[in-house]
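Sequence below, structure please.
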Amino acid sequence: PEVGEGKRELDDDDDDDDAPIYNPLNLPLGWDGKPIPYWLYKLHGLSVEFKCEICGNQSYWGRRAFDRHFREWRHSHGMRCLGIPNTKHFHDITTIADAQGLYAKIKDQLQKESWTAEVEEEFEDSDGNVMNKRTFEDMARQGLL
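Predicted structure coming up:
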């Protein structure tokens, strides 16, 4: 009889593990398979939803998951389809219109900063005077050099 009673006690412990988990707030499960505490849920900002239009209106819960998604394949593929490089400039840009506008602005800025030979190329005459290409050619045509 004592052996049977011991077996019943072990069976009671197993029933606790198999019972459905009470999770009325639909909190994410922790490492132990139980819902994480509500204060931890609020601390990590898991109640905040971030949507990314570039990723096909994918939802990300919490700031950490949202920040991490910019390095993942789905966001990189969306940017590649738009013809935009996935660089740090586009971190936190989630709409297609904003990404295209920022890319156009960056391209214009880089084009202005690039070196243009006609404007910035310098020439020196026999006296040591330095001037741009256009001025040098004009003076050479006039025979002043």
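
give the contact list for the closest residue in space to K34 that isn't next to it in sequence.
Leaving aside its sequence neighbours, K34 sits nearest to I21 (CB to CB, 6 or more residues apart in numbering; 6.1 Å). In short, each C-beta sits where N, CA and C put it, glycine included. Counting by CB atoms under 8 Å, 6 or more residues apart in numbering, I21 touches L29, G33, K34, P35.

Restricted to buried residues, select those residues in ChimeraX.
The following ChimeraX line selects those of the contacts of I21 that are buried, judged by 16 or more other CB atoms under 10 Å:
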select :35
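
pLDDT, secondary structure and distance to D127 for the contacts of I21 - can I get that in CSV?
Shown next, in CSV, are those (pLDDT from 0 to 100; DSSP: H, G, I helix; E, B strand; the rest coil; distance: CB to CB, whole Å):
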residue, pLDDT, secondary structure, distance to D127
L29, 90, strand, 82
G33, 90, coil, 86
K34, 92, coil, 86
P35, 93, strand, 84
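
okay, among the contacts of I21, which ones form the most distant pair?
G33 and P35 (9.2 Å; CB to CB).

Helix or strand: which one has D127?
Following DSSP states H and E, one finds D127 outside all helices and strands.

now do M131
Going by DSSP H and E, M131 is in strand 130-132.

Out of the contacts of I21, flag the one nearest to K133.
Distance to K133, by CB to CB, is smallest for L29 among the contacts of I21, at 69.6 Å.
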